[in-house]
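A.B. asks: What follows is a predicted protein model with its sequence.
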Amino acid sequence: MEDVIVRKIVYCILSAGILFVPEVALAGTYTYTTTQNPGAIQIVTKTAGGLAVGSYSTGTSVTMNSDGGKLSESYSCIGTTQPPHDSIFNSHIMCAVNGSSGSYTIIFGCNFLNQERTSQACVGGLYGKTGKYEGMGGTATWSGTDEGGMGTGQWQKMGG
């Protein structure tokens, strides 16, 4: 039973990671769906506070920009659960995203939405690195299960 719960936690964390891969029109809003590639890696260890789960995954997302454009990018994500009763989020996920328009990072905090830990919702920040994302930042959300999910976001120019 413990193995099944751990596997569901990992899949949920990894699915959340995949969601964060949208290529968007700058200073615009977008929605997206996510798909995780097979072969995710997981590490599980017991701690004084319970099980800790770490994960690595890759995948793609399909983004619909507010201007009607449809885009696709690839990502790689790492995630880890947080100690129970010691944090505002159940897990944290960081994704590196690369595409033809540039690269960026997404950092999310996520909470499980059910007792089985098969569904979660996340909020986080976008940090532009290269290409059209350089000097940009923003926010993103995602909600889904270990089978994928959907989210929203917005890019904006950073700094003064």
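C.D. replies: In hand now; what should we look at?
A.B. asks: ok, residue 75 touching residue 56?
C.D. replies: No. Using C-beta atoms under 8 Å, residue 75 makes no contact with residue 56, being 11.4 Å away. Quick note: C-beta positions are derived from backbone N, CA and C, even for glycine.
A.B. asks: Show me the strands in the protein, by range?
C.D. replies: Using DSSP state E, the strands of the chain run over residues 29-36, 41-47, 50-65, 70-81, 91-99, 102-112, 119-131, 136-145, 148-157.
A.B. asks: Mind listing the strands the first one pairs with, and their directions?
C.D. replies: For strand 29-36, sheet partners with direction are given as strand 50-65 (antiparallel), strand 148-157 (antiparallel), following DSSP bridges.
A.B. asks: pLDDT of it, averaged?
C.D. replies: On average, the pLDDT along strand 29-36 is 86.
A.B. asks: Repeat that for the third one.
C.D. replies: In this model, strand 50-65 has a mean pLDDT of 86.
A.B. asks: can you state the direction angle for it and strand 70-81?
C.D. replies: Calculated by axes from the mean of the first three to the mean of the last three C-alpha atoms, to 10 degrees, strand 50-65 forms an angle of 170 degrees with strand 70-81.
A.B. asks: For strand 50-65, C-alpha coordinates in PDB please.
C.D. replies: Below are the C-alpha coordinates for strand 50-65, written out as PDB (Å, rounded to 0.1, in the frame of the first residue of the first chain):
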ATOM      1  CA  GLY A  50       7.300  10.300   7.000                       C
ATOM      2  CA  LEU A  51       8.200   9.600   3.400                       C
ATOM      3  CA  ALA A  52      10.100  12.100   1.300                       C
ATOM      4  CA  VAL A  53       9.800  11.800  -2.500                       C
ATOM      5  CA  GLY A  54      12.100  13.400  -5.100                       C
ATOM      6  CA  SER A  55      11.400  13.200  -8.800                       C
ATOM      7  CA  TYR A  56      12.800  14.100 -12.300                       C
ATOM      8  CA  SER A  57      10.600  14.200 -15.400                       C
ATOM      9  CA  THR A  58      10.500  15.500 -19.000                       C
ATOM     10  CA  GLY A  59       7.600  16.400 -21.300                       C
ATOM     11  CA  THR A  60       5.800  18.900 -23.500                       C
ATOM     12  CA  SER A  61       3.000  21.300 -23.200                       C
ATOM     13  CA  VAL A  62       0.600  22.900 -25.700                       C
ATOM     14  CA  THR A  63      -0.200  26.500 -25.100                       C
ATOM     15  CA  MET A  64      -3.000  28.700 -26.400                       C
ATOM     16  CA  ASN A  65      -2.000  32.400 -26.300                       C
END
